[in-house]
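Any chance you can model this:
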Amino acid sequence: MKAEDFSKLQTTPPVLQKAVLTDIVLPKKYLSKISSNPMRKKYSRFFSGDNLEVMDQLLRDGYRNSFDLIYIDPPYLTQTSYSHQVNVNDGKPIEQTSYSDVWKNNDEYLAMLRPRLMRMKELLKDTGSIFVHLDWRISHYVKILLDEVFGNQSFRNEIIWCYYGPSSPKARQFSRKHQSIFWYSKSLNNWQFFPENVRVPYSRTTLQKINSRRNGFAGSVYDFSRGKIPEDWWSDIPLTQRYRHEVANFQTQKPKKLLERIISSTTREGDLVGDFFAGSGTTAVVAEELNRKWISCDTSSLSLKICKSRLFPVLKKPFLVEKLNNTSAKTAYSVEAFFNKKHTSIKSLSVRLRKVKIKKNKRVLRSSSISPYSFIDSWAIDWNHSGNVFRAEWEDLRRVNSIPVTYEIKKKYSLNANLSQKIAVKIVDIFGNEMIRAFK
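Numbering: from 1, shown residues only. As a prediction, the model looks like this:
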């Protein structure tokens, strides 16, 4: 959604929409049966749509006072449109807009954020917390807004995430190398905090002083081997670019280690974590790895594609993908694919990607230098398709490390299987566009 569209939402009466369940993403080799109409509150969920409408639906669906933690990394008022760069096999990258962070002024930005923070407060448990991640451009204004919504007595910490990096030789001020994370609890005096999960070792200098006769430490003997609770400035977590294996080419991606500290310190296993500006999906990935349930949301189809590819390797339980009716991928490029199916043996069925066409602005793109297959990000098969819900392991993903996609998937079945059942194939291109084909 464009930044200017947010201001319209503040004056236009809301039209109640319900997100439609489109996908059930299954972990690898998931054996349990799952209905195409599951009990949604049992599962982690990714919503594709405007977060204000999504939160309104969650409140209607009984999620009031349900979240143990909400972390958001909203736009920073950078006055920039961010893009995602995709490389195809001719060596020329194609840029796709991720999201717009362009606003008329501070007031428009704060008018967008205020109702969303109010919904988040309603969704939080009384023992829950919210962490709001910003930088120098708008953080001080948002701090005042958070005081208004949550109360200044609920303010727990301003965490300064600081990092090193080169500076401009022509700079006329100190290098801006930190971001702020505001932590507010919903309750004034009863919030979850688990320091044992996030302790860090004492410095070498401190331990040398402890072993000295005049160490400056008085009172009872303390077990320094346990480590200490980190300060409210974190310099031990570098930017995402330092974690090469994590990079998903999403410009505002945050490192997993940052979210591990936040989630571990304020939640237990099984708790519910929310992120309503999902972006590259780091919150959901870390929550899944730490055995927390999660609900994420973003308007961008690119976000859904990246989140799904990052989640699939660590997935332990199914998660649901739900889309608002007004959500669709808007890209210049799209993929049209054709498949063949055949019985390869008396107990095996093979589905093969036969042909791919690339369309640019609805016209077929013909170029000898670009392989249409390089536009495919992932594809999967629902071997027993029923209704409009796609249930499948995502069997072939390019992921973030450019693993080549293969073009044939086989399935074994028993001799008494119903061979008239429907099969559905879904393909996702590098921009997040989806296409589905169903056949018997």
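
SS state for Ala380?
What DSSP: H, G, I helix; E, B strand; the rest coil gives for Ala380 is strand.

tally of neighbours for it?
Number of residues near Ala380 (other C-beta atoms under 10 Å) recorded here: 23. The way it works is simple: take the backbone N, C-alpha and C, and place the C-beta from them, glycine included.

OK, contacts around it?
Shown in contact with Ala380 (C-beta atoms under 8 Å, 6 or more residues apart in numbering): 390, 392-396, 409, 425-426.

So which of the residues you listed is the closest to Gly128?
For these, the residue nearest Gly128 by C-beta to C-beta is Trp394; the value is 31.7 Å.

pretty sure the closest one contacts Lys308?
Yes. Using C-beta atoms under 8 Å, Trp394 makes contact with Lys308 at a distance of 6.7 Å.

which residue packs closest to the residue sitting nearest the centre point of the chain, ignoring adjacent ones?
Centroid-nearest residue in the chain, with C-alpha atoms, centre = their mean: Gly281, separated by 1.8 Å. Among residues not flanking Gly281 along the chain, Cys307 sits closest, at 3.2 Å (C-beta to C-beta, 6 or more residues apart in numbering).

pLDDT value on the one you found, please?
pLDDT for Cys307: 92.

got it, and Ser303?
90.

For it, give me its contacts.
Going by C-beta under 8 Å, 6+ apart, the list of residues near Ser303 reads 48, 98, 250, 278-281, 432.

got the buried residues for stretch 380-394?
Within stretch 380-394, the residues scored as buried using 16 or more other C-beta atoms under 10 Å are 380-385, 389-394.

that older thread, isn't the residue nearest to the centre of the chain right up against Arg310?
Yes. With contact defined as C-beta under 8 Å, Gly281 reaches Arg310; the gap is 5.2 Å.

and the protein, what are its domains?
3-323, 333-439 (automatic domain parsing).

Lowest average pLDDT across those?
Ranked on mean pLDDT, the bottom entry among those is domain 333-439, at a mean of 77.

For it, measure first residue to last.
26 Å (C-alpha to C-alpha, to the nearest Å).

cool, stretch 259-277 as well?
From its first residue to its last, stretch 259-277 covers 14 Å (C-alpha to C-alpha).

Going by residue numbers, what spans are helices in the stretch 101-250 of the chain?
Here the stretch 101-250 of the chain has its helices, by DSSP state H, counting those that start in this stretch, at 106-123, 139-150, 204-210.

Now do the buried residues in the longest one.
Counting neighbours by 16+ other C-beta under 10 Å, one finds that the buried residues in helix 106-123 are 108-113, 115-117, 119-123.

And for stretch 275-295?
For stretch 275-295, using 16+ other C-beta under 10 Å, the buried residues are 275-290, 292-295.

Ramachandran angles for the residue nearest to Gly281?
Note on Cys307: its backbone torsions stand at phi -60, psi -40 [degrees, to the nearest 10].

begin at 723 from here
With 723 as the first residue, the last one maps to Cys1029.

so how far is Val747 from it?
Distance from Cys1029 to Val747, counting by C-beta to C-beta, to the nearest Å: 10 Å.

So those two - more neighbours on which side?
Cys1029 (29 against 24).

doesn't Ala1006 make contact with that one?
Yes. Cys1029 lies in contact with Ala1006 (C-beta under 8 Å); the separation is 6.0 Å.

Now the common contact residues for these two.
With C-beta under 8 Å, 6+ apart as the test, Cys1029 and Ala1006 both reach 768, 1000, 1018.

Of those, just say which sits nearest to Ile866.
Nearest to Ile866 among the shared contacts of Cys1029 and Ala1006, with distances taken as C-beta to C-beta, is Ala1000, at 25.9 Å.

need the contact list for the closest one.
By C-beta under 8 Å, 6+ apart, the neighbours of Ala1000 are 768, 1006, 1018-1020, 1025, 1029.

go again using 7 Å as the cut-off
By C-beta atoms under 7 Å, 6 or more residues apart in numbering, the contact list for Ala1000 reads 1006, 1018-1020, 1025, 1029.

cool, and Tyr906?
851-852, 868, 872, 876-878.

at 10 Å instead, please
792, 839, 842-843, 846, 850-854, 865, 868-869, 871-879, 913 (C-beta atoms under 10 Å, 6 or more residues apart in numbering).

Kindly report the same for Leu1037.
Taking C-beta under 10 Å, 6+ apart as the test, what Leu1037 contacts is 747-750, 752, 766, 1007, 1010-1011, 1030, 1115-1116.

if I read this right, Val1036 contacts Val1007, doesn't it?
Yes. If you go by C-beta atoms under 10 Å, Val1036 and Val1007 touch, sitting 6.3 Å apart.

ok so, going back, so how do I select the buried members of the contacts of Tyr906 in ChimeraX?
Listed next is the ChimeraX selection for buried residues among the contacts of Tyr906, using 16+ other C-beta under 10 Å:
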select :792,839,842,843,846,850,851,852,853,854,865,868,871,872,876,878,913
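
what number of residues lie near Gly784?
9.

which stretches of the stretch 973-1122 of the chain form strands?
For the stretch 973-1122 of the chain, strands defined by DSSP state E, counting those that start in this stretch occupy the ranges 994-997, 1015-1020, 1041-1045, 1055-1067, 1070-1082, 1085-1086, 1098-1104, 1112-1115, 1118-1119.

Ok, which of the ones you listed comes nearest Trp905?
strand 994-997 (14.3 Å).
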